[in-house]
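# Let me see the structure of the following:
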Amino acid sequence: MLVVVKPSDSPFIEAQVKWLEEECVKRGLKNQWFFTSGCFETDVTAIKKKLAEVETVVAVGGDGTLHLAANALANSPVSLAVLPAGTGNDFVRQFGYSTQQWRALVFSESYRLLDLGKVNQRFFINVAGIGFNAAVVKDINTFQTRHKLSYIFAGIKHLFSFKHTSSHDPSLMRVFANGQFFAAGLKVAPSARIDNGKLLMLHFRAESLLSRLWSFSLMLVHQHEKSSHLEVSELMEYEISDPDLLVEADGEMIGETPAVVKVCRGALKMRL
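This is a model prediction of the structure:
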């Protein structure tokens, strides 16, 4: 077992790590610990090198740690188990499991093959976005401390300042969803499924400030799919040719367009 942990003094991470240490001692199991460095490419390469030695990788943390683990484990036979301990925990939120259930799954033989999304060469497990939400993520990543309301505060600020994604397309954002939640609990894609071989694309066409505020308000109460400013479609692949648009995935800034977004069916073996 390889345990991937982001070094942190978070009481949630400390509690999960302590439990796992004690449980492994009880079961007479040995594990390896991998503490992330903050350098994505370095960490992915290092984790991949260790996969031949283990059957399970346990990700202790939030969506960023899951994002890292998914990129390292994509298309491998190694199972991913999760001990949620992040600010948002958006991907795992859709399952509605308790802490005890996630802990039990660490030592379970049960698993499902889940889809992953991919933007150019970067995998994502939950949600990728271009436009408004990428600008919000870029802003939030400059915060010294983050909490669940940080996303809402940053979102409201950018509603008043964000410019259209391109001169000929007055979009607020495009969201490519494998999971249902983002931004620490906003249910952006209620119809998304993690194993149907498709991504759900939500195209928010909110040209005016009033329409932006209306769309954002509807999202807070999970009613945005009724908005005339939103187009929803399922896809297997989508190309964005406009240059220099920010792209985020699983709450991580991953680059700029042009980009090809696609689904990779059954690419992740996860303990569920």
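
# And the helices in the stretch 151-272 of the chain?
209-220 (DSSP state H, counting those that start in this stretch).

# Give the residue spans of it that score low on pLDDT.
151-152, 155, 158-159, 161-170, 206-207 (pLDDT under 70).

# could you redo the last one with a cut-off of 80?
151-171, 205-217, 219-223, 225-229 (pLDDT under 80).

# what ranges do the strands span in it?
For the stretch 151-272 of the chain, applying DSSP state E, counting those that start in this stretch gives strands covering 173-177, 199-204, 230-235, 237-240, 246-249, 252-256, 259-270.

# tell me what the fifth one is packed against?
It refers to strand 246-249. strand 112-119, strand 127-131, helix 132-140, strand 252-256 (3 or more CB pairs under 8 Å, 6 or more residues apart in numbering; DSSP states H and E). Just so you know, the C-beta spots here come from the backbone N, C-alpha and C atoms, and that holds for glycine as well.

# Export only the CA atoms of that strand, formatted as PDB.
C-alpha atoms of strand 246-249 as PDB (Å, rounded to 0.1, in the frame of the first residue of the first chain):
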ATOM      1  CA  LEU A 246      -7.300  29.800 -18.700                       C
ATOM      2  CA  VAL A 247      -8.000  26.100 -18.000                       C
ATOM      3  CA  GLU A 248      -8.500  24.500 -14.500                       C
ATOM      4  CA  ALA A 249      -9.100  20.900 -13.600                       C
END
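
# Can you give the distance from it to the centre of its chain?
Counting by CA atoms, centre = their mean, to the nearest Å, strand 246-249 is centred 11 Å from the centre of its parent chain.

# can you list contacts of that strand?
The contact list for strand 246-249 (CB atoms under 8 Å, 6 or more residues apart in numbering) reads 67, 117, 119, 122, 124, 127-131, 133-135, 137-138, 253-257, 259.

# Pull out the buried positions in the lengthiest helix in the chain.
Ordering each helix of the chain by length in residues (DSSP state H) puts helix 11-27 first. Within helix 11-27, the residues that qualify as buried are 12, 13, 16, 17, 20, 24, counting by 16 or more other CB atoms under 10 Å.

# again with stretch 40-56
For stretch 40-56, by 16+ other CB under 10 Å, it's 40, 43, 44, 47, 54, 56.

# Distance from stretch 178-186 to the middle of the chain?
8 Å.

# got it, and stretch 195-205?
Worked out by CA atoms, centre = their mean, stretch 195-205 lies 14 Å from the chain centre.

# So for that stretch, first residue to last residue, what's the gap.
End-to-end distance for stretch 195-205, by CA to CA, to the nearest Å: 28 Å.

# And that stretch, what's buried?
So, applying 16+ other CB under 10 Å, buried residues of stretch 195-205: 198, 199, 200, 201, 202, 203, 204, 205.

# Tabulate these (JSON lines), appending distance to residue 188.
JSON lines is the format used below for those (distance: CB to CB, whole Å):
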{"residue": "198", "distance to residue 188": "16"}
{"residue": "199", "distance to residue 188": "13"}
{"residue": "200", "distance to residue 188": "9"}
{"residue": "201", "distance to residue 188": "11"}
{"residue": "202", "distance to residue 188": "7"}
{"residue": "203", "distance to residue 188": "12"}
{"residue": "204", "distance to residue 188": "10"}
{"residue": "205", "distance to residue 188": "15"}
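
# What count of nearby residues applies to residue 177?
25 (other CB atoms under 10 Å).

# and it, how far is that from residue 47?
Distance, residue 177 to residue 47, by CB to CB, to the nearest Å: 25 Å.

# again, but for residue 132
Separation of residue 132 from residue 47 (CB to CB) stands at 32 Å.

# doesn't residue 109 fall inside a strand?
No. Counting by DSSP: H, G, I helix; E, B strand; the rest coil, residue 109 is not found in a strand; it is coil.
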